[in-house]
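Engineer: Below are the sequence and a predicted model; questions follow.
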Amino acid sequence: MASTLWEKIAALPVIATATEARPSRLEEDVVALFDQLRVPILRYLLSMCVAAPDAEEIVQESFLLLFRHLRQGKSRTNLQGWVFKVAHNLTLKHRARARRHLDRFTEIANLGDVAGEITPGPEERLEGIERQQRLLAVVRAMPEQDQCCLSLRAEGLRYRDIADVLGISLGSVANCLERALSRLARADAYQR
């Protein structure tokens, strides 16, 4: 995947001289950060119910935006949080577009309730362990903000970074995580 990102970065208009044959330090930094954060960001996007190919595209776009951001000489403060926030926002835009597309498709095809006809993905079908099913059901029943906080925390982001990514206060992050973890603990203890 890094080579794909490198190809996209290389295709951008270059500020440096045309005689440069090797990647710039900035390009190397972005590719290194991509290698470090690609999987955690993908996991987060997949937890937001984004299809894997779409999640890959969002990750790529996030790092292209990071490259442009850094190339313009903007802040390098908390790049991990910055990339997660960009990926989160791109995901929200992607979901809105997908919803509009589905609405248009439904109107055109006059299909009625398409959502009930969509079959679960392979990960959902393979969910065979009862405990995982129970905990997954609890997570899915949580408000979206609680789910996002829990997913970002599972990816190792600090409370302050989560607050920045989601655009909420630190207190809201703490409340969301406390509520989410309490629900999971109760659901897990209930069956034991």
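Structural biologist: Noted; the coordinates are in hand.

Engineer: just for the chain, where's the confidence low?
Structural biologist: When residues are selected by pLDDT under 70, those of the chain lie in 1-22, 101-129, 190-192.

Engineer: Show me which helix runs longest in it.
Structural biologist: Assignment by DSSP state H gives helix 79-109 as the longest helix of the chain.

Engineer: Outline the domain layout of this structure.
Structural biologist: Each structural domain of the chain that the record assigns through automatic domain parsing is listed here as a residue range: 1-118, 122-192.

Engineer: got TSV for those domains, with mean neighbour count too?
Structural biologist: No exception for glycine: its C-beta is placed from N, CA and C like everyone else's. Putting these into TSV (neighbours: other C-beta atoms under 10 Å) gives the following:
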stretch	mean neighbour count
domain 1-118	14
domain 122-192	15
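
Engineer: In space, what's closest to residue 169 - neighbours in sequence excluded?
Structural biologist: If you skip the residues right next to it in sequence, residue 169 has residue 163 as its closest partner in space, 6.1 Å away by C-beta to C-beta, 6 or more residues apart in numbering.

Engineer: what's the one you found sitting at in phi/psi?
Structural biologist: In this entry, residue 163 is assigned phi and psi values of phi -60, psi -40 (degrees, to the nearest 10).

Engineer: same question, residue 154
Structural biologist: Here is the backbone geometry of residue 154 (degrees, to the nearest 10): phi -60, psi -30.
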